[in-house]
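**Q** below is the sequence, then the predicted model.
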There are 2 protein chains.
Amino acid sequence: MTPAAPVPPVVPARGLERFSINQMTVRQLPLPALVEECLRLGVPGVGLWREPVRAHGVEATARLLRGAGITVTSLCRGGFLTAREPDARRGALDDNRAAIDEAAGLGTGVLVLVCGGLPPGSRDLTGARERIADALTVLAPYAAERAVRLAIEPLHPMYAADRSVVSTLGQALELAGRFPPGHVGVVVDTYHLWWDDTAPAALARAGADGRLAAFQLADWITPLPEGVLTGRGQLGDGSIPLRHWRELMDAAGYTGPIEVELFNEDLWAGDGASLLAETATRFREQVL
Amino acid sequence: MTPAAPVPPVVPARGLERFSINQMTVRQLPLPALVEECLRLGVPGVGLWREPVRAHGVEATARLLRGAGITVTSLCRGGFLTAREPDARRGALDDNRAAIDEAAGLGTGVLVLVCGGLPPGSRDLTGARERIADALTVLAPYAAERAVRLAIEPLHPMYAADRSVVSTLGQALELAGRFPPGHVGVVVDTYHLWWDDTAPAALARAGADGRLAAFQLADWITPLPEGVLTGRGQLGDGSIPLRHWRELMDAAGYTGPIEVELFNEDLWAGDGASLLAETATRFREQVL
């Protein structure tokens, strides 16, 4: 067998040079269809999630994307590091090592961390944040050895109890700041941070400190659905000045990919290829 | 007609000296039934809402409560001061003057302000906050002349788009700080602020500056319901260390009433009198 010649990267369509589509945005598209539509539209990057990647196989996914010249801009997600019981903590560390291995196997340098909420029965946010720091002490070197950077994603305060006790960019930077910038960075996601008037200064600080690991976009629409997980708006449909946030990231020196990550039942109910095309159009109109 | 002798205040039951029940918590109870249950349980204070008060009549409500010796600890709510169009702004100012008059008529010195979200089509949080400040310039003196203090309530960031562009205690203090402490204060509501690690310092600052106008309690439970308005948990059912927040308020020098304000469809579906009794029990167990 002759080894395949290296495939050149996708030539991005005009305006989509930094655009990346998070797989969850178009979760109705199986991976091969997602790749096909990215090639058709000139989308150069995708953000992946562990569950669908595992279903397709990590190596097969890596081959598929490499063969198409598409960059994996991030893997979602590690984290959930707030458990108190030794067994649960060990399990979480093992799972995060597996996530790091998967990120490395996929050729992405960014593993997004959703840090975890309060353990059952606990009301101690501060303690939970300290357990995250403890876990990062173990995981960050493991990731760095594999050329993977852990990217702490502050989640909107409405998730503080059950998904992430890290609610603001300031908190994420405080945690990340205990580790080398190449090992631990932060994710700026407009959906989580848009309301916070202290976020722009934190973002500039993150840029100056070399902590900006990823940039994700979604718009804020109301009313929020039950459980508040699947109500993210298509770019331009909501309250967030997305272009302004892109400019803040530019000013902070971030030059990496810009991922669009929408979780939205209505969007998922439609055709995936059309949704991807519409998302690229909105990106050009609302973000550039 | 002989004028009625002044009625002495309710003798509070042990542990309920600072307890106040917000009317909305037990909205299944009509005002006369609420008063009857308060007397039975030794609840010395109630927080009122404009709509049910108007339905009963402002004067009739004032008479009913005064006659029972129950203190009105606050009136909810003024606010919604973010409109851009001159007509809408005039309407909002008029409505807030009416709310101030009603507060004065009820004999409470605290009008809670829910400041308002983004006007339709706007993405400018900063501009909206400035329009609130402009409106307060007009309203604060009007209120002060009537012995009513405007109390800015920061609402959880999940309401930033549609209810309150004031999301943190820090932002509320920044706004309040432009006016005399006796004219404009802030409301500390655990449901809105519990997640924020900068809130305790802001709370101490608010105490030092004489800005603590009201203290409200609700617990945080998940999953949040659609629209995220009616998912507040009974004291002790959720993630918030309520006693810790009461101690923070104590340390900041706050000695006023502590209102329990729950919006919860499940609680509303049950018997109102039992709910009030249970809330008083939880207050003793979880807060004192």
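**A** All right, it came through fine. Numbers count the residues shown, from 1 in each chain, chains lettered A, B, ... in the order given.
**Q** tell me how far the longest strand along chain A lies from the chain's centre.
**A** Longest strand of chain A, by residue count under DSSP state E: strand A:71-79. Mean-position distance between strand A:71-79 and its chain equals 6 Å (C-alpha atoms, centre = their mean, to the nearest Å).
**Q** after that strand, next one along is what?
**A** Sequence-wise, the next helix or strand downstream of strand A:71-79 (DSSP states H and E) is helix A:86-106.
**Q** can you name the element that comes right after that next one?
**A** strand A:110-114.
**Q** does chain B sit close to the next helix or strand after that next one?
**A** With elements assigned by DSSP H and E, the helix or strand that comes after strand A:110-114 is helix A:125-145. Yes. Interface with chain B: helix A:125-145 contributes A:L125, A:T126 (C-beta under 8 Å from any C-beta of the partner chain). Where C-beta positions appear, they are placed from N, C-alpha and C, glycine not excepted.
**Q** quick one: residues in contact with helix A:125-145.
**A** A:78, A:81-84, A:89, A:92-93, A:96-97, A:100, A:103, A:111, A:115-119, A:122, A:149-150, A:160, A:165-166, A:171, A:175, A:178-180, A:182-184, B:195, B:197 (C-beta atoms under 8 Å, 6 or more residues apart in numbering or on different chains).
**Q** quick check, central residue of chain A?
**A** Nearest to the mean C-alpha position of chain A, counting by C-alpha atoms, centre = their mean, stands A:V112 at 5.0 Å.
**Q** now do that one against B:L31, distance only.
**A** 52 Å (C-beta to C-beta, to the nearest Å).
**Q** again with A:Y159
**A** Where B:L31 is concerned, A:Y159 sits at a distance of 38 Å (C-beta to C-beta).
**Q** among these two, which residue is more densely surrounded?
**A** Taking neighbours as other C-beta atoms under 10 Å in any protein chain shown, A:Y159 and B:L31 compare with A:Y159 leading, 22 against 19.
**Q** residue contacts, that one?
**A** So A:Y159 contacts A:G117, A:S167, A:V228 (C-beta under 8 Å, 6+ apart).
**Q** buried residues of stretch A:210-222, list them for me.
**A** Of all the residues in stretch A:210-222, those buried under the rule 16 or more other C-beta atoms under 10 Å in any protein chain shown are A:R211, A:L212, A:A213, A:A214, A:F215, A:Q216, A:L217, A:A218, A:D219, A:W220, A:I221, A:T222.
**Q** for stretch A:259-270, same thing?
**A** A:E259, A:V260, A:E261, A:L262, A:F263, A:N264, A:L267, A:W268.
**Q** retrieve the pLDDT associated with A:P8.
**A** You'll see A:P8 listed with a pLDDT of 86.
**Q** quick one: the helices in chain A?
**A** A:31-41, A:50-56, A:58-68, A:86-106, A:125-145, A:169-176, A:190-193, A:199-208, A:242-251, A:265-268, A:272-286 (DSSP state H).
**Q** most neighbours per residue, which of those?
**A** Highest mean neighbour count among the helices of chain A (mean count of other C-beta atoms under 10 Å in any protein chain shown): helix A:190-193, with a mean of 25.
**Q** pLDDT on it, on average?
**A** Summarised as a single mean, pLDDT over helix A:190-193 is 98.
**Q** by contact count, what packs against that helix?
**A** strand A:212-217, strand A:219-220 (3 or more C-beta pairs under 8 Å, 6 or more residues apart in numbering or on different chains; DSSP states H and E).
**Q** now for these, which one comes closest to chain B?
**A** When the helices and strands packed on helix A:190-193 are compared by C-beta to the nearest C-beta, strand A:219-220 sits nearest chain B, at 5.6 Å.
**Q** paired strands for the closest one, with orientation please.
**A** Sheet pairing of strand A:219-220 (DSSP bridges) gives strand A:232-233 (antiparallel).
**Q** starting at the chain centroid, how far to the partner strand?
**A** With C-alpha atoms, centre = their mean, you get 15 Å for strand A:232-233.
**Q** before we move on, what about stretch A:153-170?
**A** That offset, for stretch A:153-170, works out to 14 Å (C-alpha atoms, centre = their mean).
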